[in-house]
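> model the following, please.
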Amino acid sequence: MADKEEKTGVETSSAAKGEFSQEDIDKLMNAEVDTSDPGKDSDPEQDKLAEEWAKALDAGEDIEEGKPLGGDVGQAHFDELENSKAAGPSKDLDFILDIPLEVTVEMGRTRMLINDLLQLGQGSVIELNRLAGEPLDVLINNKLVARGEVVVVSEKFGIRITDIVSPLERVKRLK
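As a prediction, this is how the structure comes out:
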């Protein structure tokens, strides 16, 4: 037991009580920490930051994480942008040409009760809010951009665009 005490440097009386000092713990973990010089291995940037915080606390400033210390915040400076010459389609915008968009053609809409929905079966007819022959809405990413009429090409449905929605009309539909 005496050999164990010499190796660890901890007295059994303090160990039996469950009380260890930081020095005792460091010795037990075989960490060679020199507590005589606390600034020996410190980072200069951390020291500078600690000094700034200490000054701010002494001055009674509110300290919030992510905000600069001290009340003096300078004006942001931005360099002037050069005017780009737009002669035809820009090659800088070529990267957006491969972005996929969702195109939807809407025949009409209706509202139903769940009970009515459950009563639907094969051959049921659902009344829509559009009249026969009215143009269909063409939506891109759920935004109305055009209207058109149904066409059949090689046994497949398609839509012939008859009207492009003006920007003014698009803004009115946002309200």
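
> drop to CA atoms for contacts and neighbour counts, all remaining ones
Will do.

> and the next helix or strand past whichever strand or helix holds Gln46?
Here Gln46 is covered by helix 44-59, with elements defined by DSSP states H and E. Remark: after helix 44-59, the chain's next helix or strand is strand 103-106, criterion DSSP H and E.

> would you mind listing the outside residues contacting that next one?
Under the criterion Cα atoms under 8 Å, 6 or more residues apart in numbering, residues 136-142 lie in contact with strand 103-106.

> try stretch 160-175
Stretch 160-175 is contacted by residues 144-151 when judged by Cα under 8 Å, 6+ apart.

> same thing but at 7 Å, please
Applying Cα atoms under 7 Å, 6 or more residues apart in numbering, the contact partners of stretch 160-175 are 145-151.

> need the longest strand for the chain.
Determined from DSSP state E, the single longest strand within the chain is strand 143-153.

> same for that strand, what does it pack against?
Contact here means 3 or more Cα pairs under 7 Å, 6 or more residues apart in numbering; DSSP states H and E; on that basis strand 143-153 packs against strand 136-140, strand 156-164.

> out of those, nearest to Gln75?
Shortest distance between Gln75 and the helices and strands packed on strand 143-153, using Cα to Cα, is found for strand 136-140: 42.1 Å.

> now do Leu117 against His77, distance only.
According to Cα to Cα, to the nearest Å, Leu117 and His77 sit 61 Å apart.

> same check, this time on Asp24
Distance from Asp24 to His77, counting by Cα to Cα: 55 Å.

> what does Lys48 give?
Counting by Cα to Cα, the separation of Lys48 from His77 is 26 Å.

> more crowded one of the two?
Lys48 (11 against 6; other Cα atoms under 10 Å).

> give me the pLDDT for the more buried one.
Among the per-residue scores, Lys48 shows a pLDDT of 80.

> that one and Ala56, how far apart?
From Lys48 to Ala56 the distance is 12 Å (Cα to Cα).

> and the chain, what are its domains?
With domains defined by automatic domain parsing, the chain comprises 1-35, 100-118+131-174.

> ranking those by mean pLDDT, which is last?
Of all the domains of the chain, mean pLDDT reaches its minimum on domain 1-35 (a mean of 56).

> tell me which of the helices and strands packed on strand 143-153 is the most buried.
Of all the helices and strands packed on strand 143-153, strand 136-140 carries the top mean neighbour count, a mean of 19, counting by mean count of other Cα atoms under 10 Å.

> okay, the angle between it and strand 156-164?
Inter-element angle recorded for strand 136-140 and strand 156-164: 90 degrees (by axes from the mean of the first three to the mean of the last three Cα atoms, to 10 degrees).

> on that earlier part again, can you list the residues that contact the longest strand of the chain?
By Cα under 7 Å, 6+ apart, strand 143-153 touches 135-139, 157-165.

> sounds good, over and out.
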